[in-house]
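S.K.: Fold the stuff below for me.
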Amino acid sequence: MTTLPPHADLQPSPWVRRWSPLVAAGAPVLDVACGRGRHMRWFAEQGHAVTGIDRDADALAVACAWGTVVQADIENGSWPLPGQRFGAVVVTNYLWRPLMPTLLDAVAPGGVLIYETFADGNQTVGKPSRPDFLLQPGELLRACAGPGWRVVAYEDGFLPSPDRFVQRIAAVRQGARARGAPPERYAL
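M.R.: Presented below is the predicted three-dimensional model:
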């Protein structure tokens, strides 16, 4: 087991923890804008092979303890994992709208998208406050509304401590379930 550096607070999001059982046992997981790897650590401890992408080399120096890391500027460069699919794609506290189709495509059939980030309204309580970085009402629902997606959970609203507005979704890409995938009935 990896020893956590003393400066790294790597508690996973409660949303990610709650919906991680949807990921098939041992399925590969992609953590987008992974930072220091709090979700990489969580999934590695659950037995998953994990890949994290971020542009911050210092953050990746911590994240590499839990899996493969890719240093890339995914907003200004090409997608570094073309054609690769994962049992889960996890995104928290990050939004780059042009990347959404790529993220959805990176989820393997039977895999899950677990996404949580700031939403409209956050500008009233802090940062981020620019509309470019805030999801609009129903935006994640619309992204997963296409054929082949089943939304298992969705929330859009205010969370206290720290005060923030968030939008979050757990959505399963329909298709042949991966070996070890949970049944089609999802526990709430």
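
S.K.: so what's the nearest residue to Asp120 once chain neighbours are set aside up against?
M.R.: Leaving aside its chain neighbours, Asp120 sits nearest to Leu134 (4.9 Å; criterion: C-beta to C-beta, 6 or more residues apart in numbering). C-beta coordinates here come from the backbone N, C-alpha and C atoms, glycine included. Residues in contact with Leu134 (C-beta atoms under 8 Å, 6 or more residues apart in numbering) are 95, 118-123, 128, 165.

S.K.: try 6 Å
M.R.: Residues in contact with Leu134 (C-beta atoms under 6 Å, 6 or more residues apart in numbering) are 118-120, 122.

S.K.: Closest one of those to His39?
M.R.: Phe118 (16.7 Å; C-beta to C-beta).

S.K.: What is the burial count for that closest one?
M.R.: By the criterion of other C-beta atoms under 10 Å, Phe118 has 23 neighbours.

S.K.: of the contacts of Leu134, buried ones?
M.R.: With burial judged by 16 or more other C-beta atoms under 10 Å, the buried subset of the contacts of Leu134 is 118-119, 122.

S.K.: Quick check: phi and psi at Asn122.
M.R.: phi -60, psi -30 (degrees, to the nearest 10).
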